[in-house]
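Peer 1: test case, fold it:
(2 chains)
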Amino acid sequence: MSTRSADTRVVLLQGTLDVLILRILRLGPAHGHEIIKAIERSSEDVLRVEQGSLYPALHRLIKRGWIDFDHGTSENNRRAKYYRLTRQGRRQLDVETTKWETLARAITRVLRPA
Amino acid sequence: MKRRRHLDALDDDIRDHLERETADNIDRGMTPDAARAAAHRAFGNVALIKEDTRAVWIPVWVDQVVQDVRYAVRTLRRSPGFSAVVVLTLALGIGLNTGIFGLIDALLLRSLPVRNPQELIALTRIQGNQSGESFSYPQVRFLAEQNDIFLSLCGSSVDTFNVGPPEALESTGGAWVSANYYETLGLVPMVGRLLAPDDDRPGASPAAVITDNYWARKFGRDPGAIGRPLLVEGVPVTIVGVSPPGFSGASVGNAADITLALSVLPQLKPERRSMLGVGGRWLKVLARPREGLSRDQLKGRLAIVWAQYLSSTVTPQMSPAARARALSPTLDLRAGATGSSPLRGQFRQPLLVLMGIVGLVLLIACVNVANLLLARAAARQREVALRLALGASRGRVVRQLLTESGLLAIVGGGLGIAVASFSSGMLVNLISSGADASEAIALDLGTSWRVLAFTTLVTVTTTLLFGLAPAFRAAVVEPNLTMNASSNRVTGSGGHLASALVAAQVSLSLLLLIGAGLFVQTLQNLRTFDRGFRHEGVLLVGVDATRAGYDGPRLRAFYQQVLANAERLPGVTAASLSSITPLMGGGISLPIAVNGQPVAGGEIHGNLVAPRYFETLNTPIVLGRDFTFRDDATAPGVAIVNEAFVRQHMPNGSPLEQRVSVVGSPRELQVVGVVKDAVYEGLRQAPPPTVYGAYFQGGTGALTLEVYGAGSLAQVASAIRAEVPPKLGGKLVKIQTLTSQLESSLVQERLMATLASAFGALALMLAAIGLYGVLAYTVVRRTNEIGVRLALGAQRSQVLGLVMRDAARMLALGTAIGLPAAWAASRLVSSMLFGLTTNDPLTIVLAIALLALTGLLAGYLPARRATKVDPLVALRCE
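Peer 2: Below is the predicted model:
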């Protein structure tokens, strides 16, 4: 587990987790635990994700048709569910990424005027 | 769906996730226990996450409803006694309501199973302040020709046919219809063809259409039945086709299995030939107007052609009064979708009143259930408090409690449908009682969407009625107060609401009891008032010799022989013959002249009788003499009139010096006697002015033999049955007692008296149970208090008085509310009463006494239990 003190960690904004999942799955199919680990790793442990909240998010994305899943076998020969991006999800990721970048730039400009 | 199945695997997915995280943690050097704990910490609240995930797929409320229902089922199963009482009470209440509504639906609301029934209209004839739906055959034919108003128009009437060979006659319901009957209704045949205009021409060979039901019953749906002859009234009639399933004629309540064209009536029933003339008004008219005509346009055009028709019936010889009368009827129309029914006039109001009564019974039942739930809600305050303390919202608690009520109501409603089909069947039997098998009422009581919607509405209303109050009471619980209270006591009075509800029950029961009393007394009055004739010990034997081919002098000789034989039978005190018998449901009326001057006020009721008619029926002759056998065809014409006739039409001089005649007939009849007034057609109608003629002076038509005997009528009946029918070749004899004829004219009154009493008793019982329940609960709640009182020296009688005072208070309050309510409600049924007014003191006093007695008895049981409280035990509980 992380050794950083709690106050430097950021609680995820509502909906952000969905985008992160789509981003991770862009790299290829993954099962639930792998997705969480990937988010934690790539955010260098800054993002504090309650691992369980992954599941409602996954179901939400499936319901919207942005991701799908297949049954597969993981590294140590265990059965696992592999989630993957659908074509629709891929498009959505692009939309969301653009939206996010615009928002981030705007906020940055407001908070740190050049 | 794959994705939904995904949800079912959620548990596995989460377990898998946790195992991987635990394994990772172990890899990082944690002990297995610590690794597992850390994994769970990182994951979060598993139950909450599962719920959130489910919520993605299933709306939260659905989940909560399922939860509530499950919980409700568990709770109700924990107290089976309570649940059973509630469910049965509701089943009875909802069932009775559905049953009566089902009958109302079948009789008054349901459309005929024909094409676009909403387009049909029915014609009504208005004359003065009277309206009727009957038209003559010439009128129907004339109206059917008005093609610029109607696409088609028909007249029809139900009848009973004797079907089959003489040795095996079967009485079968049927109908006489005019040419365009099936065309107007827009029906297509099952097989064969339906009646067409060609079948309704004078001299047409008799053709019959049978119903699908009759086809199945008698022919096993054999297509070969078409074209086969059927013996109707001894005449071969060809079956030409079968009407569509579900259709049984345009008259609701009378199944017409065999339908014949009107013009063949003279071939089948020659003695009723005259009914096709201008004088016979007996056909109900249904029509399909041309499209695009508004109601007003329709009425306008109809008024024009109707006036033309009426003026064509006026002749120059008519007196001005007769002419004005002939021209006076006007036409009106009403929606014809529901066809017509002779039962409607008779049972419409009774059914609506009964609907109101069972509605009130259901209300009382609801109050009982509400009280039971209130008592339970009080007992469950701690449970509710706990749930509130644990964070449940009050709305959620109310919803939970309402779910329980709803579940009870739904089970009750489901059982109620069974009660309903039983009760409407029973009702139909009650209505049909006294009728012959062929005249039995045939109503389609199959469940319709309207009945189902009604049941649903009643069930939902019921739930809200009995569920809301207890639910809200439970939800206003203050958690910390309740939790702090000692464990064997519950807080809050609860008593006020419960007492008020019981008082409401008492008032409703009083209302129903008074209603029941009024109807029972009405029936009693109608049975016992002096109607001017006796019915006990009188046997009626319908002897229709005209159908066996007798007529003229031979007919009269035959009847004289029948009468002579009957008088000789052992046990017979007196016997006579007459055309009309009291309350047979019909009569003769003719325009009469006194001393050559037509009497005012329309037609006068008449009857043709044999000597000793008045003696047989015990109608006193107040003046003059009876007919004798010397008053025969060769003797001068004689007549007897009743006192009402003398009062209204012979104001001057002795009646015995005056003559009466039928208007238009040259034959004058000398009045030889005056008899006391006797009821003629209906018990509720005052005896009308009546003229009696002597049958043996030249009468025609079928007669009924009246036999009065002091002994056993059964013996007389079997003697007559052995003797008369062989001469008539079969079943042309109908035997019944005058008492049963009287009773069958009282169907409506008996129905109301029986059902109002039954429902009144039910209401009384429910109110008594309610009173008992509330008092019993109060006694249990006040056990401690009573114990203290007894310990401090209160007498047992004082404790008894304590509880009985409660009972008396509720009864008094209920009576105070119920009396004015009953006074107002009984106004609605005043037209159904006979021989008493709505505020009949005896009825009201009896109802109050019955209610008070039952109520105090119901209160006495818990009161006595209160006196048995052992102070030591009660105090030890504290």
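Peer 1: C-alpha only now, for contacts and for neighbours.
Peer 2: OK.
Peer 1: name the residues of stretch B:179-187 that come out as buried.
Peer 2: By neighbour count with 16 or more other CA atoms under 10 Å in any protein chain shown, stretch B:179-187 contains the buried residues B:179-185, B:187.
Peer 1: any idea how far chain B is from residue A:39?
Peer 2: 14 Å (CA to the nearest CA, to the nearest Å).
Peer 1: and that residue, how many residues sit next to it?
Peer 2: Per other CA atoms under 10 Å in any protein chain shown, the neighbour tally for residue A:39 reads 20.
Peer 1: in contact with it, which residues?
Peer 2: By CA atoms under 8 Å, 6 or more residues apart in numbering or on different chains, the contact set of residue A:39 is A:20-21, A:24, A:47.
Peer 1: re the thing from before, let's see which of the buried residues of stretch B:179-187 end up in helices.
Peer 2: Secondary structure from DSSP state H places B:181-185 of those in helices.
Peer 1: next, count neighbours for the residue in the stretch 501-650 of chain B that chain A sits nearest to.
Peer 2: Scanning the stretch 501-650 of chain B for the residue nearest chain A gives residue B:501, at 49.5 Å (criterion: CA to the nearest CA). Other residues near residue B:501 number 24, with proximity taken as other CA under 10 Å.
Peer 1: just want the most central residue of chain B.
Peer 2: With distances taken as CA atoms, centre = their mean, the residue of chain B nearest its centroid is residue B:351 (4.3 Å).
Peer 1: backbone dihedrals for residue B:47, please?
Peer 2: Residue B:47 adopts backbone torsions of phi -60, psi -40, taken as degrees, to the nearest 10.
Peer 1: who in chain B is up against chain A?
Peer 2: Where proximity means CA under 8 Å from any CA of the partner chain, the interface of chain B facing chain A comprises B:3, B:13, B:16-17, B:20-21, B:25, B:42-46, B:49-50, B:52-54, B:56-57.
Peer 1: mind giving me the ChimeraX command for buried ones among these?
Peer 2: Under the burial definition 16+ other CA under 10 Å, those of the residues of chain B next to chain A that qualify are selected in ChimeraX by:
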select /B:13,16,17,20,21,25,42,43,46,49,50,52,53,54,56
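Peer 1: and residue B:654, how many residues sit next to it?
Peer 2: One way to gauge burial is a neighbour count; for residue B:654, by other CA under 10 Å, it gives 11.
Peer 1: again with residue B:24
Peer 2: 15.
Peer 1: helix or strand: which one has it?
Peer 2: Secondary structure here is read from DSSP states H and E; on that basis residue B:24 sits in helix B:10-27.
Peer 1: just checking, what packs against the helix or strand following that helix?
Peer 2: Downstream of helix B:10-27, the first helix or strand assigned by DSSP H and E is helix B:32-43. The helices and strands touching helix B:32-43, judged by 3 or more CA pairs under 8 Å, 6 or more residues apart in numbering or on different chains; DSSP states H and E, are helix B:10-27.
Peer 1: any idea which of the contacts of residue A:39 is closest to residue B:662?
Peer 2: residue A:21 (106.3 Å; CA to CA).
Peer 1: bridged to the closest residue to residue B:192 other than its chain neighbours, which residues?
Peer 2: With CA to CA, 6 or more residues apart in numbering or on different chains as the measure, residue B:241 is the residue that lies nearest to residue B:192, at 4.0 Å, once sequence neighbours are left out. With DSSP bridges applied, residue B:241 shows beta-bridge pairing to residue B:192, residue B:209.
Peer 1: hang on, the earlier thing: mark which of the contacts of residue A:39 are part of strands, please.
Peer 2: Secondary structure defined by DSSP state E assigns residue A:47 of the contacts of residue A:39 to strands.
Peer 1: so which of the contacts of residue A:39 also contact chain B?
Peer 2: Filtering these for neighbours of chain B using CA under 8 Å from any CA leaves an empty set.
Peer 1: flag every buried residue along the longest helix along chain A.
Peer 2: Counting by DSSP H, the longest helix found in chain A is helix A:87-111. When burial is assessed from 16+ other CA under 10 Å, helix A:87-111 yields the following buried residues: A:89-90, A:92-93, A:96-97.
Peer 1: just the residues you listed that are near chain B?
Peer 2: Restricting the buried residues of helix A:87-111 to those adjacent to chain B (criterion: CA under 8 Å from any CA) removes every one of them.
Peer 1: CSV for those residues, including distance to residue B:332?
Peer 2: What follows is the buried residues of helix A:87-111, written out as CSV (distance: CA to CA, whole Å):
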residue, distance to residue B:332
A:89, 72
A:90, 75
A:92, 71
A:93, 75
A:96, 74
A:97, 77
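Peer 1: return the closest of those residues with respect to chain B.
Peer 2: Distance from chain B was checked for each of these by CA to the nearest CA. The minimum falls on residue A:89, at 15.9 Å.
Peer 1: so what touches stretch B:452-463?
Peer 2: Counting by CA under 8 Å, 6+ apart, B:94, B:98, B:101, B:363, B:366, B:402, B:405-406, B:409-410, B:413 sit against stretch B:452-463.
Peer 1: of these, closest to residue B:727?
Peer 2: When these are compared for distance to residue B:727, the smallest value, 49.1 Å, is given by residue B:101; criterion: CA to CA.
Peer 1: that closest one is in contact with residue B:451, isn't it?
Peer 2: Yes: using CA atoms under 8 Å, residue B:101 is in contact with residue B:451, at 6.9 Å.
Peer 1: who has more neighbours out of the two?
Peer 2: The neighbour comparison of residue B:101 against residue B:451 (other CA under 10 Å) goes to residue B:101, with 25 against 22.
Peer 1: domain-wise, how is chain B divided?
Peer 2: Each domain of chain B is listed here as a residue range: B:2-58, B:117-337, B:346-527+B:747-877, B:545-731, per automatic domain parsing.
Peer 1: would CSV of the ones you listed with mean pLDDT be doable?
Peer 2: As requested, those are exported to CSV (pLDDT from 0 to 100):
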stretch, mean pLDDT
domain B:2-58, 85
domain B:117-337, 89
domain B:346-527+B:747-877, 84
domain B:545-731, 87
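Peer 1: redo the ones you listed as JSON lines? Include distance to residue A:31.
Peer 2: Formatted as JSON lines, the domains of chain B follow (distance: least, CA to CA, whole Å):
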{"stretch": "domain B:2-58", "distance to residue A:31": "9"}
{"stretch": "domain B:117-337", "distance to residue A:31": "64"}
{"stretch": "domain B:346-527+B:747-877", "distance to residue A:31": "36"}
{"stretch": "domain B:545-731", "distance to residue A:31": "89"}
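Peer 1: out of these, flag the one nearest residue B:90.
Peer 2: With distances scored as CA to CA, the stretch of the domains of chain B nearest to residue B:90 is domain B:346-527+B:747-877 (5.0 Å).
Peer 1: and that closest one, how far out from the chain's middle?
Peer 2: With CA atoms, centre = their mean, to the nearest Å as the basis, domain B:346-527+B:747-877 stands 24 Å off its chain's centre.
Peer 1: what do you get for stretch B:44-58?
Peer 2: Averaging C-alpha positions (CA atoms, centre = their mean) puts stretch B:44-58 56 Å from its chain's average.
Peer 1: and what of stretch B:38-55?
Peer 2: Taking CA atoms, centre = their mean, the mean C-alpha location of stretch B:38-55 is offset from the chain mean by 62 Å.
Peer 1: about what we covered before: relative to chain A, which of the ones in helices among the buried residues of stretch B:179-187 is nearest.
Peer 2: Nearest to chain A among those: residue B:185, at 54.8 Å, using CA to the nearest CA.
Peer 1: could you list the low-confidence segments of chain A?
Peer 2: For chain A, applying pLDDT under 70 flags the ranges A:1-14, A:48, A:74-76, A:114.
Peer 1: helices along that one, start to end?
Peer 2: So, for chain A - with DSSP H - the helices run A:16-26, A:32-42, A:54-64, A:87-111.
Peer 1: next, the angle from the third one to helix B:10-27.
Peer 2: Meaning helix A:54-64. 140 degrees (axes from the mean of the first three to the mean of the last three CA atoms, to 10 degrees).
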